[in-house]
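# Next one to model:
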Amino acid sequence: MIKGGIDTALRSPNGERSLIKYPALILLGAALQGLFRYCWRINIHGFSRRCEADLRDRVFSHLQKLPLSYFQYAKTGDLMSRLTNDIHAVRELMGFGSLAIVDATVVIVFSLTLMITIDPWLTLWSMLAMPLIPLVVRVFGRQIFRWSRETQVQLSDMSAYVLENLSGIRVVQAYAQEQNQIRGFDAVSSEYRRKSMWLATLWGVFWPLMQVMTGLAATVVLWLGGRQVLQGTMTLGEYVAFTGYLGMLTWPLMAIGYTANQYQRGTAALSRIAEVLDMPISPRYQPLPVSNRALPIRGDVEFRNLIFAYDGAHAPALKNINLQIPAGTVCGIVGETGSGKSTLVNLLLRLYEPDDQTIFVDGVDIKQMARRLEDAVGYVSQEIFLFFGSVRDNILLGAENGDTDRVDEAARIAQLLPAIDSFGAGFDTVIGERGMRLSGGQKQRTALARAIIKNPPILVLDDAFSSVDAETEDEILRELKRFMRGRTTLLISYRISTVREADRIVYLRAGELIEQGTHAELIARRGAYYELYRRQSLAREVESLTRAEGRP
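The predicted model follows:
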């Protein structure tokens with residue numbers, strides 16, 4: 001259109017009309033171009049946004065189903081970086097990267113075609129620098145890929161450092177380690193800056209090289225095309241149109257370089273995401289026949305010749321455990337620290353995978369029960385974790401419905417109501433991240449209420465009273481007796497006072513089942529359980545005497 005406007009204006013007697021006609025056509029063409037670019041940007045960018053959301057959902061869903069052993073070695077900050085920065089890099093590749101390729105392809109094809117129709121030889125000379133582009137991309141691409149990955153890994157380390165520091169802020173401030181942590185972060189941040197600057201340097205050289213190539217083409221066109229205009233073999237309109245098409249090629253050439261960089265960053269990020277998605281999920285999430293899903297659970301638990309060792313351990317954590325817990329009974333599990341008490345219940349919950357045919361519930365191997373078993377178990381671990389939000393939200397976690405009466409009843413049984421009454425907003429009190437506003441005992445009682453409100457046929461309490469005093473423990477146990485009636489309950493504790501009224505008590509030592517029986521039977525046997533009972537009784541007597549004499 002510019003070509004026609006110039007040539008018509010210079011040659012036609014009525015050239016002034018072309019100054020109205022062709023600008024109007026140019027304006028219309030620009031409007032149509034803007035409309036179509038708007039449409040494909042919406043579609044291509046919208047597609048990349050949907051892919052980003054789907055990919056993030058898929059990675060998060062996959063993380064939820066990975067075995068617990070995976071998280072013993074993975075850094076939380078690194079996983080967060082993969083869910084945010086890496087997925088963002090993939091979205092940029094699929095969005096702006098693909099948009100740039102589409103745009104470059106359309107413009108290059110049409111511009112070259114129209115340039116050839118004007119002057120094939122001038123087009124050939126102007127394109128001499130084009131073969132250099134793949135060479136530059138090949139040389140710089142590998143280094144850009146390497147340093148993109150290095151930068152993303154370092155960003156993950158920095159995120160992990162910040163997350164760990166903020167999670168442990170109480171310890172940092174209690175031990176006056178603020179300056180040490182600041183220096184540590186400065187070192188991690190400086191390393192990230194160094195790698196980012198080296199990546200920026202590569203990009204800073206790569207981009208101008210692409211501009212130099214287009215500048216060489218413009219120089220050739222000015223030299224050869226200008227001579228043709230002076231000689232009369234090319235009209236001024238053709239020359240202007242040719243340089244216009246060459247100018248239109250500048251962005252596609254830049255886009256090729258930009259997309260090459262995005263491709264390296266995107267593939268580096270995608271490889272890190274794939275590392276997570278390639279991790280096999282826990283067998284507990286594998287689909288099972290429908291017949292194994294519908295049967296109600298009574299709560300008959302049996303351990304049969306159970307042997308288990310952690311990855312990398314030199315000795316088994318549990319050895320030949322044979323134990324049967326009839327439905328509706330209370331089983332106390334005691335033993336010294338490291339005896340395997342928590343490991344036993346973690347295997348029952350399939351937080352770790354036992355061997356086939358070693359743990360049964362209602363006569364069915366738990367590895368054939370899929371999610372049905374976890375839905376039927378109320379679990380309070382010795383390591384309490386509460387989510388940011390209100391007390392009510394944390395109690396209702398996993399409950400089928402959230403009526404207030406059930407929340408009040410669960411809190412009453414867990415002896416949490418006095419603490420709730422002292423809070424300004426009651427059950428709606430926000431407890432902070434990891435429950436920082438609650439004491440250790442309040443956290444345990446909140447977790448206990450969370451298990452109670454689930455109303456499960458099997459209740460597992462793993463050292464659930466370690467942070468409460470003996471008096472509060474007695475009050476909780478009195479209330480729990482009625483709740484535990486008819487439920488299979490596993491009470492794991494170091495304290496004899498917690499388990500002494502259980503229907504059966506099991507004593508573990510170094511992963512082996514040493515003794516089992518009622519409290520009276522085990523005391524009469526005067527074995528390992530009796531020795532533990534005697535030591536704890538003496539400790540309580542000394543504590544009582546000390547308190548009576550007024551000594552701290």
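# going forward, measure contacts and count neighbours with C-alpha atoms only.
Will do.
# helix/strand/coil for residue 195?
helix (DSSP: H, G, I helix; E, B strand; the rest coil).
# Could you do residue 415 as well?
coil.
# Report how many residues lie close to it.
By other C-alpha atoms under 10 Å, 22 other residues sit near residue 415.
# quick one: it from residue 445, how far?
Applying C-alpha to C-alpha, to the nearest Å, the value for residue 415 to residue 445 is 7 Å.
# residues contacting residue 386?
When the contact criterion is C-alpha atoms under 8 Å, 6 or more residues apart in numbering, the partners of residue 386 are 394, 433, 434, 435, 443, 447.
# let's see 10 Å
By C-alpha atoms under 10 Å, 6 or more residues apart in numbering, the residues touching residue 386 are 393-395, 397, 431-436, 438, 443-444, 446-447.
# do the same with residue 175
Counting by C-alpha under 10 Å, 6+ apart, residue 175 touches residue 169.
# what's the spacing between it and residue 526?
Distance, residue 175 to residue 526, by C-alpha to C-alpha: 45 Å.
# For residue 317, give me the pLDDT.
According to the prediction, residue 317 has pLDDT 90.
# Provide a list of residues in contact with it.
307-310, 338-341, 343-344, 510-512.
# and of those residues, the nearest to residue 86?
For the contacts of residue 317, the residue nearest residue 86 by C-alpha to C-alpha is residue 310; the value is 31.9 Å.
# and residue 192, how many neighbours does it have?
By the criterion of other C-alpha under 10 Å, residue 192 has 21 neighbours.
# ignore the last one, residue 296
For residue 296, using other C-alpha under 10 Å, the count is 12.
# from what I can see it touches residue 369, true?
No. Using C-alpha atoms under 10 Å as the test, residue 296 is too far from residue 369 to be in contact (11.1 Å).
# tell me the helices in the stretch 151-300 of the chain, going along the chain?
Under the criterion DSSP state H, counting those that start in this stretch, the stretch 151-300 of the chain carries helices at the ranges 169-174, 178-231, 236-277.
# Which one of those helices lies nearest to residue 460?
For residue 460, the closest of the helices of the stretch 151-300 of the chain is helix 169-174, at 30.0 Å, according to C-alpha to C-alpha.
# quick one: contacts of the closest one?
Helix 169-174 is contacted by residues 163, 165, 166, 175, 176, 177, 178, 179, 180, 181, 436 when judged by C-alpha under 10 Å, 6+ apart.
# Counting neighbours, what do you get for residue 388?
Around residue 388 there are 15 other residues, counting by other C-alpha under 10 Å.
# which SS state does it fall under?
coil.
# same check, this time on residue 306
Following three-state DSSP, residue 306 is assigned to strand.
# Quick check, pLDDT for it.
On the pLDDT scale, residue 306 gets 91.
# Which parts of the protein are strands?
For the chain, the strands defined by DSSP state E cover 301-308, 318-325, 330-335, 359-361, 364-365, 377-380, 458-462, 488-492, 504-509, 512-517.
# Quick check: the gap between the residue nearest to residue 428 when sequence neighbours are not counted and residue 107.
Distances taken as C-alpha to C-alpha, 6 or more residues apart in numbering place residue 390 nearest to residue 428, at 5.0 Å, with adjacent residues excluded. The gap separating residue 390 from residue 107 is 57 Å, by C-alpha to C-alpha.
# Same question for residue 148.
Counting by C-alpha to C-alpha, the gap from residue 148 to residue 107 is 29 Å.
# Between the two, point out the one with more neighbours.
Neighbour comparison, residue 148 and residue 107: the larger count goes to residue 148, with 25 against 18 (by other C-alpha under 10 Å).
# so the more buried one touches residue 195, yeah?
Yes. In this structure, residue 148 is within contact of residue 195 by C-alpha under 10 Å, at 8.6 Å.
# Give me the common contacts of those two.
Any residue near both residue 148 and residue 195 by C-alpha under 10 Å, 6+ apart counts here, and that gives residue 154.
# can you pull the contacts of residue 468?
Contacts of residue 468 (C-alpha under 10 Å, 6+ apart): 439, 440, 441, 442, 443, 444, 445, 474, 476.
# Can you turn the buried subset of these into a selection I can paste into PyMOL?
Command for PyMOL that selects the buried part of these, burial taken from 16 or more other C-alpha atoms under 10 Å:
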select buried, resi 440+441+442+443+444+445+476
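# Point out where the stretch 51-200 of the chain drops to low pLDDT.
Along the stretch 51-200 of the chain, the parts satisfying pLDDT under 70 run over 129-131, 134, 138.
# make that the stretch 351-500 of the chain, sorry
For the stretch 351-500 of the chain, the stretches flagged by pLDDT under 70 are 370-372, 398, 400-405.
# How about residue 133: what's its closest non-neighbour residue?
Per C-alpha to C-alpha, 6+ apart, closest to residue 133 is residue 210, 7.2 Å.
# per-residue confidence for the one you found?
73.
# can you count the residues close to it?
A count of neighbours around residue 210, defined by other C-alpha under 10 Å, yields 23.
# From residue 247, how far off is it?
Counting by C-alpha to C-alpha, the gap between residue 210 and residue 247 amounts to 13 Å.
# one step back: nearest to residue 425, of the strands of the chain?
Residue 425 lies closest to strand 377-380 among the strands of the chain, at 25.1 Å (C-alpha to C-alpha).
# Direction included, what does that closest one pair against?
The strands that strand 377-380 pairs with in its sheet are strand 458-462 (parallel) (by DSSP bridges).
# May I see the buried residues of stretch 167-176?
residue 172.
# Just the C-alphas of it, formatted as CSV.
The C-alpha coordinates for stretch 167-176 follow below in CSV (Å, rounded to 0.1, in the frame of the first residue of the first chain):
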residue,chain,number,x,y,z
SER,A,167,9.5,-21.7,60.0
GLY,A,168,12.2,-21.8,62.8
ILE,A,169,12.1,-18.1,63.6
ARG,A,170,11.5,-18.9,67.3
VAL,A,171,14.7,-20.9,67.5
VAL,A,172,16.6,-18.3,65.6
GLN,A,173,15.6,-15.5,67.9
ALA,A,174,15.9,-17.6,71.1
TYR,A,175,19.5,-18.5,70.2
ALA,A,176,20.3,-14.9,69.0
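# starting at the chain centroid, how far to it?
25 Å (C-alpha atoms, centre = their mean, to the nearest Å).
# nearest spatial neighbour of residue 360, skipping sequence neighbours?
Per C-alpha to C-alpha, 6+ apart, closest to residue 360 is residue 302, 5.1 Å.
# can you pull the contacts of the one you found?
Residue 302 sits in contact with 321-326, 348, 358-365, where contact means C-alpha under 10 Å, 6+ apart.
# Residue 483 too?
410, 413, 452, 455, 459, 477.
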